[in-house]
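*Asks:* 3D, please:
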Amino acid sequence: MIDNKNKIAVIFGVRNESSIAYDIAVKLHQSGCKVALSYVAETKDEVLHLMQKNGMDARLSAEVDVRNELEITAFMQMVYEEAGPIDYVLHGVAFGTQSVMCYSLPGSDLPAPSYIDIPFEDLMDSFNISAYSLLRISRVAKPLLAKNASILTLTYNASQRVFPGYAGMAINKAALENIMLYLASDFRDQGVRVNAISAGLVMTTSSGGILGVRKLRKIGKFTAPLGNIVASDVGDAALYYFSDLSKKVTGNIHFVDGGFNIMGLGVDGE
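*Replies:* Numbers count the residues shown, from 1 in each chain. A predicted model of the protein is given here:
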């Protein structure tokens, strides 16, 4: 096990036990980290329960809207004052309405919203939460980071390929990856590394409500050389970035998708 004793990790994006960010939080805690979690009003009880369940210090938590720089600042400043300089930051936040992602609801006879008709205001709110928030969080974190700190975000291959049921969120992921690249350069003077994990499709609470997601998992089972992934696969890879093993790695998009991203055609498993 990687030794992260006395390291401090701040994690944005835990909703419940199915969240990729939750698996990363647990693995960091098990490796010796003090873990701080943000939550939103609707997830507060669940997040605090999970912290208690895993023996995490619930005092290192706060309600944070990642669109609000003051709330991010208050949270991270609190962690800094209570625990010390921050070693690791996980940006695992994403949000898009049905009209942004252009998917149909299970059981609905209505067609999926059209990509060409994505409402500008909805897309901008989604961008604010899903992409720009990485820049905002990094800006707040900059003076609070420890030497050789690591910032990690979660992306998806829809930034580079067409997944119709992801549509507008793919715009956000493409922007997120570009923000990550420029942050990796911007943080050079501090020696802080900034990377992204491009995770395969994981059955989270958010993805489970999208029509066609199970079909995509079935395709992935046969198409990806190593098959589908689970959240713990992403958590394992995240530990590499949240350790000294990655001390000279920055600006990297690390695929954890069983190799799905290398395939040009689907493989029929029937």
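*Asks:* contacts, neighbours, all on C-alpha from now
*Replies:* OK.
*Asks:* hang on, isn't Leu176 packed against Ser130?
*Replies:* Yes: here Leu176 reaches Ser130: they are 7.5 Å apart, a contact under CA atoms under 8 Å.
*Asks:* Could you tell me the end-to-end distance of stretch 85-94?
*Replies:* End-to-end distance for stretch 85-94: 26 Å, by CA to CA, to the nearest Å.
*Asks:* Now do it, average pLDDT.
*Replies:* What stretch 85-94 shows for mean pLDDT is 98.
*Asks:* Geometrically speaking, which residue is the centre of the chain?
*Replies:* Residue closest to the average C-alpha location in the chain (CA atoms, centre = their mean): Gly92, at 2.3 Å.
*Asks:* Next up, the contacts around that one.
*Replies:* Residues in contact with Gly92 (CA atoms under 8 Å, 6 or more residues apart in numbering) are 11-14, 20-21, 153-154.
*Asks:* and what of Ala41?
*Replies:* Contacts of Ala41 (CA under 8 Å, 6+ apart): Glu63.
*Asks:* Distance of His254 relative to Leu154?
*Replies:* From His254 across to Leu154, the span is 10 Å (CA to CA).
*Asks:* Neighbour count for those two, which is higher?
*Replies:* Under the neighbour definition other CA atoms under 10 Å, His254 and Leu154 were set side by side, and Leu154 has more, 25 against 17.
*Asks:* now the residue lying closest to that one once chain neighbours are set aside, which residues is it bridged with?
*Replies:* Leaving out its chain neighbours, the residue that sits closest to Leu154 by CA to CA, 6 or more residues apart in numbering is Ile197, at 5.1 Å. Going by DSSP bridges, Ile197 is paired in beta bridges with Leu154, His254.
*Asks:* and Ile197, how many neighbours?
*Replies:* Counted with other CA under 10 Å, Ile197 comes out at 23.
*Asks:* Does it touch Lys173 like I think?
*Replies:* No: with contacts counted by CA under 8 Å, Ile197 stays clear of Lys173, the gap being 11.3 Å.
*Asks:* what do those two both touch?
*Replies:* 155-156.
*Asks:* sorry, back to before: need the overlap of contacts for His254 and Leu154.
*Replies:* Counting by CA under 8 Å, 6+ apart, the shared contacts of His254 and Leu154 are 196-198.
*Asks:* Rebuild the residues you listed as CSV, extending it with pLDDT and distance to Ser108.
*Replies:* CSV is the format used below for those (pLDDT from 0 to 100; distance: CA to CA, whole Å):
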residue, pLDDT, distance to Ser108
Ala196, 98, 35
Ile197, 98, 33
Ser198, 97, 30
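*Asks:* Tabulate these in JSON lines, adding columns for distance to Ala224.
*Replies:* Output for the shared contacts of His254 and Leu154, formatted as JSON lines (distance: CA to CA, whole Å):
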{"residue": "Ala196", "distance to Ala224": "20"}
{"residue": "Ile197", "distance to Ala224": "17"}
{"residue": "Ser198", "distance to Ala224": "14"}
